[in-house]
Structure formats: C-alpha cells, structure tokens
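Asker: Please work out how this folds:
(one chain, ligands or ions: 1)
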Amino acid sequence: KCHRTAQPHAVYCQDNKMIYCSLNYLMFAFQRTLQDQWSRMMVSTDQAQFMANLIRLINATKAIEVGMYTGYNALSMALAMPENGRVVACEIEDSYINISKPFFKEAGVENKIDIQHQTAMKTLNELIAAGEAGTYDFVFIDADKGNYDNYYEKSLELIRKGGVIAIDNVLWSGKVVNPAPDDQTSQSLDALNKKLHKDQRIDLSMLTVGDGLTLAIKR
Ligand SMILES: C[S@@+](CC[C@H](N)C(=O)[O-])C[C@H]1O[C@@H](n2cnc3c(N)ncnc32)[C@H](O)[C@@H]1O
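Answerer: Numbering: from 1, shown residues only. Sure thing, here's the model as predicted:
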C-alpha cells in the first residue's frame with residue numbers, strides 16, 4: 001500500500017545498494033524510469049529529496065520544471081506542495097510524458113502537474129506573455145544544455161523576489177574545468193557558471209550534489 005511520506009524513499013550508497021527505502025509513489029516512478037535506456041537523465045534520489053525540501057522551506061506553490069523526462073522529479077515536487085500547488089512541467093518527448101501520467105494519477109497529483117508538450121522556451125515565453133512574470137517560487141532547469149542561459153533569463157523573469165532557480169549538471173562530470181575546444185556543452189555550462197558568479201541579480205550557491213546543482217536566489 002502506498003503512502004505519502006517525507007522520509008527518504010531511497011538512498012543508495014557507493015556500491016549501489018539501497019540502504020534506506022520507503023515504499024511510496026516516488027519509488028514506483030523511480031523504479032519504472034530505471035527500465036528506460038536514458039534513465040541516467042533522471043535526478044538522483046537525494047537531489048530530488050533536497051529540492052522537495054527546498055520547496056517546503058520556501059512554501060512554494062508555483063514551480064516549473066524545464067525538462068521533465070519521465071516525471072520522477074516533477075512528482076517529487078508536486079507531492080511536496082500543498083493542494084493548491086502547481087508544477088508546470090516542460091517536455092518535448094511524448095513517450096516520456098506517457099510514462100509519467102499513470103504515476104501522477106496514482107499519486108493523486110495529476111491536477112497539480114500541468115504538462116506542457118512543446119519546447120520549454122515556447123512555454124516560458126507563453127507564461128511571460130500571460131502576465132505570470134514575478135509569480136513563480138521555484139524553477140528547476142534540466143533540459144538541453146545549450147539553451148540553459150536562455151532558460152535562466154526567462155526563469156529570472158518568471159520568479160518572484162526570494163524565489164529559487166535550481167540548475168542541474170553545472171559540473172558536467174568535471175568537464176567544465178578546461179572544456180575541450182570542440183565540447184560546446186561544457187563550454188556553454190562553464191560560460192553560464194562564470195556569468196552567474198558575477199550576476200548581481202541573484203545570490204548564488206553551487207552545490208556538489210549529483211552532477212553539480214546551482215541555486216540562484218532572486219534578489
Ligand atoms: C535530463 S532530462 C530531465 C530529467 C528530469 N528532470 C528528472 O529528474 O527526471 C532532460 C529532458 O529534457 C527534455 N528536453 C530536451 N530539450 C527540450 C526542450 N527544448 N524543451 C522541452 N524539453 C526538452 C528531454 O526530452 C529530456 O526528457
């Protein structure tokens with residue numbers, strides 16, 4: 001029987017053994033995603049749990065995920081929010097969206113997650129055009145890396161003062177240190193890291209969680 005819990009749903013130690021586990025909705029979504037060939041795209045369990053607790057800490061009711069994949073982290077965010085909470089989940093691949101939907105329904109949060117099946121830039125622009133600038137509490141950027149800077153600028157418009165933009169993969173397996181001349185992804189992530197380091201519009205924290213997680217808090 002599933003239950004909602006704030007306890008760790010799974011924590012893995014270095015030899016990949018599960019050491020803490022709760023049988024909750026998230027665990028089912030996590031296990032299903034592991035069957036997909038691209039499951040390494042999913043955030044780690046500790047990262048999802050950390051961001052869910054951030055959402056609780058700032059009492060977020062409006063969040064955006066740029067790059068939903070199979071919905072594991074979107075589900076984690078939705079479960080951390082109150083009944084009136086909403087997650088705008090951006091995803092272009094319908095096969096991933098199809099995997100996510102039964103888990104959202106089973107967990108009773110399908111009404112909290114607004115799946116946007118189009119490019120994330122289109123969705124972010126539409127939200128701004130709809131007058132939603134300055135109203136979001138939390139944005140998680142985790143899609144195509146070449147567009148990260150564009151996602152960051154749009155997210156900065158969309159979040160309120162004190163809102164948090166979380167950016168994934170900012171260390172890119174360490175390749176942001178001296179990126180190779182032909183490695184555009186590492187170069188663009190490095191350029192974004194350097195830009196944020198000097199950005200006076202935010203307070204910055206770069207964490208060695210997962211593949212590197214930046215937190216930018218809007219001033
Ligand atoms: C790293 S995965 C996201 C993982 C997800 N946040 C999680 O933790 O499970 C990146 C996702 O972004 C999607 N994506 C890539 N480019 C996109 C775009 N331009 N607009 C919307 N989604 C995009 C991909 O299809 C992929 O599912």
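Asker: got the contact list for the longest helix seen in the chain?
Answerer: Scanning the chain for the helix with the most residues, using DSSP state H, yields helix 184-198. The contact list for helix 184-198 (C-beta atoms under 8 Å, 6 or more residues apart in numbering) reads 145-146, 148-149, 152, 167, 169-170, 172, 175-176, 179-180, 202, 204, 206, 214, 216. Quick note: C-beta positions are derived from backbone N, CA and C, even for glycine.
Asker: Can you flag which of these belong to helices?
Answerer: Counted as lying in helices by DSSP H, out of the contacts of helix 184-198, are Tyr148, Asp149, Tyr152.
Asker: Look up how far the ligand lies from the last one.
Answerer: Here the criterion is C-beta to the nearest ligand atom, to the nearest Å. By it, Tyr152 lies 14 Å from the ligand.
Asker: The first one too?
Answerer: Here the distance between Tyr148 and the ligand works out to 11 Å (C-beta to the nearest ligand atom).
Asker: Relative to the ligand, how far out is the residue lying closest to that residue once chain neighbours are set aside?
Answerer: Once flanking residues are discounted, Tyr148 sits nearest to Leu192: 5.4 Å by C-beta to C-beta, 6 or more residues apart in numbering. Leu192 sits 16 Å away from the ligand, going by C-beta to the nearest ligand atom.
Asker: Please apply the same query to Lys161.
Answerer: 25 Å.
Asker: what number of residues lie near that residue?
Answerer: 8 (other C-beta atoms under 10 Å).
Asker: Just give me the residue right at the centre of the chain.
Answerer: Closest residue to the average C-alpha location of the chain: Phe140 at 3.6 Å, with C-alpha atoms, centre = their mean.
Asker: ok, the strand or helix carrying that one: who's next to it in the sheet?
Answerer: With secondary structure defined by DSSP states H and E, Phe140 is part of strand 136-141. Sheet pairing here is set by DSSP bridges, and for strand 136-141 it gives strand 62-66 (parallel), strand 159-168 (parallel).
Asker: Please identify the most buried of those strands.
Answerer: Mean neighbours per residue, mean count of other C-beta atoms under 10 Å, is largest over those for strand 62-66, with a mean of 27.
Asker: For this protein, list the residues in contact with the ligand, please.
Answerer: Applying C-beta under 6 Å from any ligand atom, one finds that the chain approaches the ligand through 41-43, 65, 67-69, 72-73, 90-93, 96, 119-120, 142-144.
Asker: Now the buried members of the residues you listed.
Answerer: 41-43, 65, 67-69, 72-73, 90-92, 96, 120, 142-143 (16 or more other C-beta atoms under 10 Å).
Asker: and which of those is nearest Ile128?
Answerer: Distance to Ile128 across these (C-beta to C-beta) is lowest for Ala120, with 12.7 Å.
Asker: For that closest one, which non-adjacent residue is spatially closest?
Answerer: Nearest residue to Ala120, sequence neighbours excluded (C-beta to C-beta, 6+ apart): Cys90, at 3.8 Å.
Asker: Asn89 touches Gln118, doesn't it?
Answerer: You called it Asn, but residue 89 is Ala. No: checked against C-beta atoms under 8 Å, the pair Ala89 and Gln118 is beyond contact range at 11.6 Å.
Asker: the more surrounded of these two?
Answerer: Ala89 (30 against 11).
Asker: Now do the strand or helix carrying that one: everything it contacts.
Answerer: Taking DSSP H and E as the criterion, Ala89 maps to strand 86-90. Residues outside strand 86-90 that contact it (C-beta under 8 Å, 6+ apart) are 61-68, 71, 74, 77-78, 81, 100, 112-116, 118-120, 123-124, 127, 143.
Asker: Good, we can wrap up now.
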